[in-house]
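prediction below, plus the sequence it came from.
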Amino acid sequence: MGHALGVALLCWCAALVAFAQCAATAIAAPVHVWEKVEITLSASNAYANPYTDVQVWVDLNGPGFARRCYGFWDGGNTFRVRVLAITPGRWEWRSGSRPADTGLTGLSGAFEAVPWTDAEKQANVCRRGNIRTTANGHAFEYADATPCFLLGDTWWATPTFRFRWRDDDAPRPLGPDAGFKDFVRLRRQQEFNCIALIAALPNWANDGHPATLTLPDRTVLRSAWREAGTDRAKNMTNEFGQRAFLFPGKVPGFEGVFPDVERLNPEYFQTLDWKMDYLNAQGFIPFIEVARRDMGQAWKKFYPWPQSYVRYIQYVWSRYQAHIALFSPIHFDTPAQSIPPEDWNRAAKAVLDQFGPPPFGTLVGNNANPSSLRNWGHVDQAPWLGFHQIGNRRTHDCYAYLTEIFDAKPPLPGLNGEPYYDGMEDAAPGSERAALYCRSAMYGSVLSGGLGGHIYGAGGWQGGLWSGEVEAASQYPVWDVLKWPSADQMRHLKKFILSEERRYQELEPATNAVSPNRSGKPNGLTGWAYAARTPARDMFLLYFEQDCPAATLSGVRPNSLYRATWFDPRTGQWRDAAPDSIKADGEGTLALPPFPDTPADSDWALKLVSAERAHAIGQSNTVRVAGIVLKWVRGDKAANYRRIEPLIREAAAHGARWFAQRNASSVRCAPPVACLVPRATTTSCRHARRRTASGLSLCIRPSSS
């Protein structure tokens, strides 16, 4: 039954993501760039263990591209190689294998790739291509140079039944009947674009043994999360009860606990394929960590190390190399119950040595403690790293690790991949205090140098969303935790950081310019302040945790005027400061305006833009907001810009096309230009209008009209 359902759902996914499948033949119909192309090969020979005994690949050639792309065994005599075109044009491939096999070697094919339209890319950002680093090395962008600011969520158990897959698209209320697609649907509405997950937890099961299990010689077999209501490990099978590897294993006396990691189960990964396809189809970037660190000791003791683990890393990476994704060789949330970092690093470097980097530019990082820079070193010691992370420290004294990452040379993007989770420390899960602490992690991390984005988590120490709580005894089940307010406030972080478009990519940490900035205790989440600035010092972004006192800012342009605007991280609303213009003294110091609520009883963010820059915006005939060029027809340009900016961003996020009518003859600005005109001239607008406080009206044309 599982096989039949798998075939049906695989066909569904093929239709969903429109990937082309070629069985050693040329593809007649063109495919899009950055769209998965699946090459299916059938071995002629029989193998005792195809997972360990056979390597398969295609040599792929296209415009400006020539790479060997490795494939994977997918059960029986079936092998697949997943590729994609990174540019339009003709792409050709020729297969090979080791050992040579007439069904796997010497076959060839070709396909034609065409570009996505702007409208298609606007509908799904994954069509913009893989994630890469910006030119300055500190942030992310898509392959078409569109900024990519990660807003991630932590669903480690995504591959399992805990995030239930259904083949229909019928929406279900958030409750026990809801599933994976319902969870994704909510997070998409909240503007998330990334899901962090662990590809397999095959040594975890409620099997009668304790959650943490060791051999007499203290070799760790697992250190699992407890299943609610028991002291046993959580079950981590997929929807069909399958795990990533087969049993029995080779650990004496525990053959049913630790699997045989030399015998892989492709059917487990086939169900994961559906979820990865769906995430990309919804504009989400899966961040795939291949395994958790508690497998390390038994794997190294009872199986060939590092080659056995190298094979597994490469299997997962090959399987998902044609997805828009991020990779990790290990989930290293703590060095406890694990092997030393150098052993994991040895395996990751061996993947690079034997197979090369992922062929289509997939960036590699990893969940770390306290930081990947501290765990593995920089690219000279861990050349597989494409970005850095900090994580698994829950208070604000850890954000400095991001500044350390920012200062590393050559630069790599950084982000907080496992920060404070809603419900940890002294805050009740789902409470306003927990949301306050989450906001500290969001804004404090990014302004400390984490310009890659931020990954959220919720559930507290007892588990929740991050652990996939679905049992009746679970105190915080997934469907309840998803609704906690702190998650919905993640979108406000992006609104603030990207309020000057891609200029956030130029920011550099400047927390020491704020005085005082350390009024709270080090291992807390209140009383600290943070800042980042552009090298030209014409823009500053600041964040003040709850209980921060009034402050000054140094290092600004001497005797310069700055426009100050407060931002409420709870609601995403801007407020003019009082006064809204402040002048630096001759030494380049500003007395910052008072908080909107005095005394400060919550947290606040602040944006400072130099008067010279604000004036340049006001004098310009056009300004770009959310990728839309605004053309000023009349009125106070700077004031109009400030008033309509939130409206424009909202409409752009929903895929709106813009035009305005200056008279009854419907004179249009060429898309994507929005003309701002007096209300009286837009009475004949045939589409939805939105009025602004400045007396202007915007006529919004949906992309379908």
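Looks like it arrived, so ask away.

every contact and neighbour count from this point should use C-alpha atoms.
Noted.

okay, now the domains of this structure?
17-115, 132-201+266-501, 510-618, 620-702 (automatic domain parsing).

pLDDT below threshold where in the chain?
Residues of the chain meeting the criterion pLDDT under 70: 1-28, 598-600, 614-705.

next up, identify which helix or strand Thr565 is on.
Assigned by DSSP states H and E, Thr565 belongs to strand 561-568.

buried ones in the helix or strand just after that strand?
Under the assignment DSSP H and E, the closest C-terminal helix or strand after strand 561-568 is strand 573-583. For strand 573-583, the buried set under the neighbour-count rule, 16 or more other CA atoms under 10 Å, comprises 574, 577, 581-583.

most neighbours per residue, which of the domains of the chain?
Per-stretch averages of neighbours, counted by mean count of other CA atoms under 10 Å, single out domain 132-201+266-501 among those, with a mean of 21.

now the domains of the chain in CSV, with distance to Gly241?
What follows is the domains of the chain, written out as CSV (distance: least, CA to CA, whole Å):
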stretch, distance to Gly241
domain 17-115, 17
domain 132-201+266-501, 8
domain 510-618, 41
domain 620-702, 39
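
need the three-state assignment for Ile86.
When classified by DSSP: H, G, I helix; E, B strand; the rest coil, Ile86 comes out as coil.

how near is it to Pro30?
14 Å (CA to CA, to the nearest Å).

got the contact list for the strand holding Thr565?
496, 573-577, 579-584, 593, 596, 603-612, 614 (CA atoms under 8 Å, 6 or more residues apart in numbering).

between strand 573-583 and that strand, find me the angle.
Angle of strand 561-568 versus strand 573-583, following axes from the mean of the first three to the mean of the last three CA atoms, to 10 degrees, is 160 degrees.

tell me who's in contact with the most centrally placed residue in the chain.
In the chain, the centroid-proximal residue (CA atoms, centre = their mean) is Cys194; its distance is 3.1 Å. Counting by CA under 8 Å, 6+ apart, Cys194 touches 150-153, 284-287, 455.

and the residues you listed as CSV, adding distance to Arg67 and secondary structure?
Shown next, in CSV, are the contacts of Cys194 (distance: CA to CA, whole Å; DSSP: H, G, I helix; E, B strand; the rest coil):
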residue, distance to Arg67, secondary structure
Leu150, 28, strand
Leu151, 31, strand
Gly152, 31, strand
Asp153, 33, strand
Phe284, 26, coil
Ile285, 23, strand
Pro286, 24, strand
Phe287, 23, strand
Ile455, 32, strand
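
any idea which of those is closest to Asn392?
Ile455 (11.7 Å; CA to CA).

relative to Trp204, how far out is the closest one?
On the measure of CA to CA, Ile455 and Trp204 end up 25 Å apart.

residues in contact with stretch 403-412: which ones?
133, 136-139, 373, 378, 386-388, 413-414, 448-450, 508-509.

can you do 7 Å?
Identification of contacts with stretch 403-412 by CA atoms under 7 Å, 6 or more residues apart in numbering yields 137-138, 373, 386-388, 414, 448-449, 509.

out of those, which is nearest to Cys69?
After measuring the contacts of stretch 403-412 against Cys69 - CA to CA - the closest member comes out as Gly386, at 19.2 Å.

can you tell me the element that closest one falls in?
Short version: Gly386 belongs to no helix or strand, going by DSSP H and E.

hang on, it packs against Gly365?
Yes. Gly386 is in contact with Gly365 according to CA atoms under 7 Å; the separation is 6.0 Å.

show me where the stretch 201-350 of the chain has strands.
212-214, 220-223, 245-246, 260-264, 285-289, 326-328 (DSSP state E, counting those that start in this stretch).

closest one to Pro522 among these?
The nearest among the strands of the stretch 201-350 of the chain, by CA to CA, is strand 220-223 at 29.5 Å.

direction included, what does that closest one pair up with?
Sheet pairing of strand 220-223 (DSSP bridges) gives strand 212-214 (antiparallel).

from the chain's centre, how far out does the strand it pairs with sit?
Taking CA atoms, centre = their mean, to the nearest Å, one finds strand 212-214 lying 32 Å from the centre of the chain it belongs to.

which residues touch it?
220-224.

now with 10 Å?
The list of residues contacting strand 212-214 from outside it, by CA atoms under 10 Å, 6 or more residues apart in numbering, reads 204, 219-226, 231-233, 257, 294, 297-298, 337.
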